[in-house]
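S.K.: fold the following.
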Amino acid sequence: NVLLSLGYTLLANAVETAVQVVGLDPYLGALHDVAYGRPSLVCDLMEEYRSVIVDPMVVACLNQRAFTPDDFEGAGEGEPVRFKRPALRWFVELFERRIRGEVLYAPRNQRLTYRQVIEEQVRQFARYLMGAEEQYRPLAVR
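M.R.: Model prediction:
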């Protein structure tokens, strides 16, 4: 849970950066209700990346036993479980490696980093909102 939660938080930050670069309001979503303090558009757009960026990374961490119980603290009554600082740094480094990884981006028939793909997808979403595209095509990775 800690791995997924932190991974999704890091992913949300990457998506929010792309949303702001493109000039959209991160708080005005389409699928998630507008709620005070929640970037609903970011929540909408990050859904398509969970299963291709964060989930495989977390599964690999578990399979490779990248973290042990000693890497966590908390778990007392009413306390959340959280990473100890060295493990946190390592997890963030793994996430950064993953998001810098390249994938074939079919709409441009070009290899892009996941970070670049996220920005391209947000740009496509903006074009869709402005009526320049007939539909929004979510990321398809093979």
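
S.K.: Ser45: neighbouring residues, count only.
M.R.: Actually, residue 45 is Leu rather than Ser. A count of neighbours around Leu45, defined by other C-beta atoms under 10 Å, yields 26. Heads up, the C-betas are built off the backbone N, CA and C, glycines and all.

S.K.: hang on, it packs against Val122?
M.R.: Yes: counting by C-beta atoms under 8 Å, Leu45 touches Val122, with 6.4 Å between them.

S.K.: which neighbours do the two share?
M.R.: 15, 19 (C-beta atoms under 8 Å, 6 or more residues apart in numbering).

S.K.: packing partners for the helix or strand where Glu16 lies?
M.R.: Assigned by DSSP states H and E, Glu16 belongs to helix 2-22. When contacts are defined as 3 or more C-beta pairs under 8 Å, 6 or more residues apart in numbering; DSSP states H and E, helix 2-22 packs onto helix 40-49, helix 55-63, strand 82-83, helix 85-99, helix 114-129.

S.K.: okay, the angle between that helix and helix 114-129?
M.R.: Computed by axes from the mean of the first three to the mean of the last three C-alpha atoms, to 10 degrees, the angle separating helix 2-22 from helix 114-129 equals 50 degrees.

S.K.: identify the residues contacting helix 2-22?
M.R.: Residues outside helix 2-22 that contact it (C-beta under 8 Å, 6+ apart): 25-26, 39, 41-43, 45-46, 49-50, 53-55, 57-58, 61-62, 67, 72, 81-83, 88, 91-92, 95, 99, 115, 118-119, 121-123, 126.
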